[in-house]
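Novice: here is a sequence with its predicted model. Questions after.
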Amino acid sequence: MKKIILTIVSAFTVLVSCEVDESLNIDTKSPSSVPSAGLFTEGMRQFFDQQNSASVNFNPLRMYAQYWAQTTYPEESQYTQVTRNHGRNIWREMYKDVLQDLKGSKEIVIANAEANADNKVACITILEVAAYAHLVEIFGDVPYTDALNPNNPSPKYDDAETIYLDLFTKLDAAIASINTSAPGFVATQDP
């Protein structure tokens, strides 16, 4: 009899005293959505970090322009890229970390119809133009029209001249769409 009473009391206690706090199930370290400004800032930071990197593993361009020279390992300053894969590092940084973030930011701005969306899209487009111009200046023909499509792992390479002409068109359109009396991203998100 004692066991039955203890079982009933225990079951009643469990049913009555349990409250479910759903906020405990939210993973604060892995957000389910990302703000457009965060992606824009990260894409911009990655772009300028790559441009200003002093590491010859990520940016050997200063040596190619003969701004820097090497004495111990002179291969890079003599235009030899056989010891390290510089091109892969630049390529990966620009497509994966810069252009992909900017694409995501633009998609979020448009999908959420954010305030001052035209100015935000213009800011993103101007930075995309700079990133693609950087890629074309380094590599020549690069993936452009088919780039950044996860369903197409082997995008076609577009002609550098065609890319440049389209970049000028995009840049002119972005500049024309800027409303100077309205803000774009807040100052903390657009360094």
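Specialist: Yep, it's here. Residues are numbered from 1 along each chain as shown.

Novice: and the lengthiest helix in the chain, what does it pack onto?
Specialist: For the chain, the helix that runs over the most residues, judged by DSSP state H, is helix 117-139. Counting contacts by 3 or more Cβ pairs under 8 Å, 6 or more residues apart in numbering; DSSP states H and E, helix 117-139 packs against helix 36-52, helix 86-92, helix 100-111, strand 142-143, helix 160-177. Every C-beta, even on glycine, is put in place using the N, C-alpha and C of the backbone.

Novice: quick one: low-confidence ranges for this structure?
Specialist: Regions of the chain meeting the criterion pLDDT under 70 cover residues 1-2, 6, 9-19, 54, 56-71, 73, 75-86, 190-191.

Novice: tell me what angle the longest helix of the chain forms with helix 100-111.
Specialist: Inter-element angle recorded for helix 117-139 and helix 100-111: 160 degrees (by axes from the mean of the first three to the mean of the last three Cα atoms, to 10 degrees).

Novice: and helix 117-139, how far from the chain's centre?
Specialist: Distance of helix 117-139 from the chain centroid (Cα atoms, centre = their mean, to the nearest Å) equals 12 Å.

Novice: stretch 132-150 now?
Specialist: Relative to the centre of its chain, stretch 132-150 is centred 15 Å away, using Cα atoms, centre = their mean.

Novice: what comes up buried for it?
Specialist: By neighbour count with 16 or more other Cβ atoms under 10 Å, stretch 132-150 contains the buried residues 132, 134, 135, 136, 142, 143, 144, 147, 148.

Novice: out of these, which is nearest to residue 107?
Specialist: residue 148 (10.5 Å; Cβ to Cβ).

Novice: contacting residues for the closest one?
Specialist: Shown in contact with residue 148 (Cβ atoms under 8 Å, 6 or more residues apart in numbering): 95, 99, 100, 103.

Novice: and those, which two are the farthest apart?
Specialist: 95 and 103 (10.0 Å).

Novice: residue 42 versus the residue nearest the centre of the chain, what's the distance?
Specialist: Nearest to the mean C-alpha position of the chain, by Cα atoms, centre = their mean, lies residue 101 at 2.1 Å. Residue 101 sits 5 Å away from residue 42, taking Cβ to Cβ, to the nearest Å as the criterion.

Novice: and if you look at residue 171?
Specialist: As for residue 171, its distance to residue 42 is 22 Å (criterion: Cβ to Cβ).

Novice: picking up where we left off before, and the angle for the longest helix of the chain with helix 36-52?
Specialist: Going by the same axes, to 10 degrees, helix 117-139 makes 30 degrees with helix 36-52.

Novice: what does helix 117-139 rub up against?
Specialist: For helix 117-139, contacts defined as Cβ under 8 Å, 6+ apart pick out 36, 40, 43-44, 47, 51, 61, 87, 90-91, 94-95, 98-99, 102-103, 105-106, 109-110, 114, 142, 144, 160, 163-164, 167, 170-171, 173-175, 177-179, 182-185, 190.
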